[in-house]
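# Give me coordinates for this.
(one chain, ligands or ions: 1)
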Amino acid sequence: KRVGILISGRGSNMSALVAAAQAPGCPYEVALVFSNVADAPGLAIAEAAGVPTASLDHRGHGGRALFDAKVDAILRDAGCDLVALAGYMRLLSDDFVAAWEGRMINIHPSLLPSFKGVDTHARAIAAGCRLHGCTVHLVTPELDSGPIIAQAAVPVMDDDTPDALAARVLVEEHRLYPQALAALASGRLRVEGQRVLGF
Ligand code: GRF
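Numbers count the residues shown, from 1 in each chain. Alright, predicted model coming up:
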């Protein structure tokens, strides 16, 4: 399967997905890394890894739906079958989500359904959680609410800062995301309502 990865920044999860694609037997290849931010550090990392890249600033297209239609065309032109969001800091229009339904995944830095949205690490510490982590899920129109494919948990330490906790979670993100994408690309996952079976 051919995957398009959407990023807005650092691109460390994108790098993990690209690295895993190079292993023998990986059921996906990275066809394109796209960013809405032209100088996203992740774009340079992808280029250095020999992966095709594209960027298009999200401003000045006459609204979210029109911008997303252009992104959709870029992904189709690259022959993408699947889309992986990796730190893509844009809400998606309903048409875009519908076009990729069941074929688009996201990684979120919390144990969903807790802590949707931003500042997840600080919120987990403030809430007194002893466990925190990351979730890979199918993308549906409602933010961070699609069927869960896989999760990984880490402990919250007494002296944790948001940055320290984020770094601990990120190690698990880089391990989990390639596994979840490979599972989706292999065709072995089954979606039953809100549940994903077969991971
Ligand atoms: C990660 O924490 C990811 O879970 C969240 O945004 C961050 C992206 O980091 N969705 P990176 O660009 O992959 O390094």
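# What are the boundaries of the helices in the chain?
12-21, 41-48, 64-77, 94-99, 120-126, 162-186 (DSSP state H).
# need the residues of this structure near the ligand, please.
7, 9-14, 42, 86-87, 107-109, 134, 173 (CB under 6 Å from any ligand atom). For the C-beta atoms, the positions are set from N, CA and C on the backbone; glycine is no exception.
# same thing but 8 Å
Neighbours of the ligand within the chain, by CB under 8 Å from any ligand atom: 7-16, 42, 85-89, 106-109, 134, 166, 169-170, 173.
# Apply the buried test to those residues and list what passes.
Listed as buried from those are 7-9, 11-16, 42, 85-88, 106-109, 134, 166, 169-170, 173; burial here means 16 or more other CB atoms under 10 Å.
# circling back: just put the helices of the chain in JSON lines and tack on mean pLDDT and distance to Val196.
Shown next, in JSON lines, are those (pLDDT from 0 to 100; distance: least, CB to CB, whole Å):
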{"stretch": "helix 12-21", "mean pLDDT": "98", "distance to Val196": "18"}
{"stretch": "helix 41-48", "mean pLDDT": "97", "distance to Val196": "27"}
{"stretch": "helix 64-77", "mean pLDDT": "97", "distance to Val196": "22"}
{"stretch": "helix 94-99", "mean pLDDT": "97", "distance to Val196": "17"}
{"stretch": "helix 120-126", "mean pLDDT": "98", "distance to Val196": "21"}
{"stretch": "helix 162-186", "mean pLDDT": "98", "distance to Val196": "9"}
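# winner for burial among the ones you listed?
Highest mean neighbour count of these: helix 12-21, a mean of 21 (counted as mean count of other CB atoms under 10 Å).
# In terms of secondary structure, what does that one contact?
strand 2-7, strand 29-35, helix 41-48, helix 162-186 (3 or more CB pairs under 8 Å, 6 or more residues apart in numbering; DSSP states H and E).
# The residue lying closest to Ala98 once chain neighbours are set aside: neighbouring residues, count only.
Nearest non-adjacent residue to Ala98, counting by CB to CB, 6 or more residues apart in numbering: Pro141, 7.8 Å away. When counting by other CB atoms under 10 Å, one arrives at 15 neighbours for Pro141.
# How about the contacts made by Pro141?
Leu92, Asp94, Val97, Ala98 (CB atoms under 8 Å, 6 or more residues apart in numbering).
# what sits against the second one?
Taking CB under 8 Å, 6+ apart, we find Asp94 in contact with Pro141.
# before we move on, what about the first one?
With contact set as CB under 8 Å, 6+ apart, Leu92 has these partners: Arg64, Asp68, Val139, Pro141.
# And for the third one?
Contacts for Val97 (CB under 8 Å, 6+ apart) come out as Met104, Val139, Thr140, Pro141.
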